[in-house]
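# need the 3D shape of this:
(one chain, ligands or ions: 2)
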Amino acid sequence: MNAAATTHQHTNCLRCGRKLTSAKSCATGYGPTCQRKVREAARAEVIATYKPHQIAKAEELIEQGALIPLRPGIYLTPSSDGTQTYRTHRAACSCPAGIKGIHPCKHRIAAHILSLAA
Ligand SMILES: [Zn+2]
Ligand SMILES: [Zn+2]
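Ligands and ions are numbered 1, 2, ... in the order given. Below is the predicted model of the structure:
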């Protein structure tokens with residue numbers, strides 16, 4: 001886990017906005033119900049079309065509470081060293097890999113998973 005992820009504590013659920021009560025929820029940014037919905041979304045058939053190691057990285061980002069909803073379908077995601085923030089939609093991302101756009105980056109996959117759980 002990187003420093004940016006470990007230092008950030010959430011107070012409200014990133015999905016439904018309810019107040020988070022357990023220490024675990026505050027670390028991940030999702031209450032138990034929302035976390036389950038996100039996990040189910042990550043198992044959807046449409047997500048399985050991405051490469052497995054990319055899906056794993058996307059899930060890791062989500063479990064760190066790294067994707068902050070900005071507008072419906074648009075998320076702010078931190079770069080892996082925590083120095084930059086990207087704007088991510090499931091079809092586009094402002095990270096270097098996303099701008100190249102050859103393969104969907106982990107941010108886009110994570111945004112896709114979250115949009116399915118929305
Ligand atoms: Zn929630
Ligand atoms: Zn990206």
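# and the gap between the residue most central in space within the chain and residue 16?
Centroid-nearest residue in the chain, with Cα atoms, centre = their mean: residue 62, separated by 3.4 Å. Distance of residue 62 to residue 16, given as Cβ to Cβ, to the nearest Å: 15 Å. Quick note: C-beta positions are derived from backbone N, CA and C, even for glycine.
# what do you get for residue 92?
According to Cβ to Cβ, residue 92 and residue 16 sit 25 Å apart.
# more neighbours: the two, which one.
residue 92 (16 against 12; other Cβ atoms under 10 Å).
# wait, that one touches residue 100, no?
No. Residue 92 is not in contact with residue 100 according to Cβ atoms under 8 Å; the separation is 11.7 Å.
# under the pLDDT cut-off, which ranges of the chain? List them.
1-7 (pLDDT under 70).
# skip the chain neighbours and tell me the closest residue to residue 20.
residue 26 (5.0 Å; Cβ to Cβ, 6 or more residues apart in numbering).
# and the one you found, which of the three is it?
Per DSSP: H, G, I helix; E, B strand; the rest coil, the local secondary structure of residue 26 is helix.
# could you tell me which residues of the protein lie near ligand 2?
Within the chain, the positions adjacent to ligand 2 are 93, 95, 98, 105, 107 by Cβ under 5 Å from the ion.
# phi and psi next, for the first one.
When read as degrees, to the nearest 10, the backbone of residue 93 gives phi -150, psi 150.
# partner residues bridging it?
Judged by DSSP bridges, the bridge partners of residue 93 are residue 88.
# that one contacts residue 108, correct?
Yes. Taking Cβ under 8 Å as the definition, residue 93 is a contact partner of residue 108 at 5.0 Å.
# count of residues packed around residue 40?
Neighbours of residue 40 (other Cβ under 10 Å): 12.
# thought it was touching residue 117?
Yes. Contact criterion Cβ under 8 Å: residue 40 and residue 117 qualify, at 7.3 Å.
# mind listing the helices for this protein?
Counting by DSSP state H, one finds helices in the chain at the ranges 3-7, 23-28, 32-42, 52-63, 96-100, 106-117.
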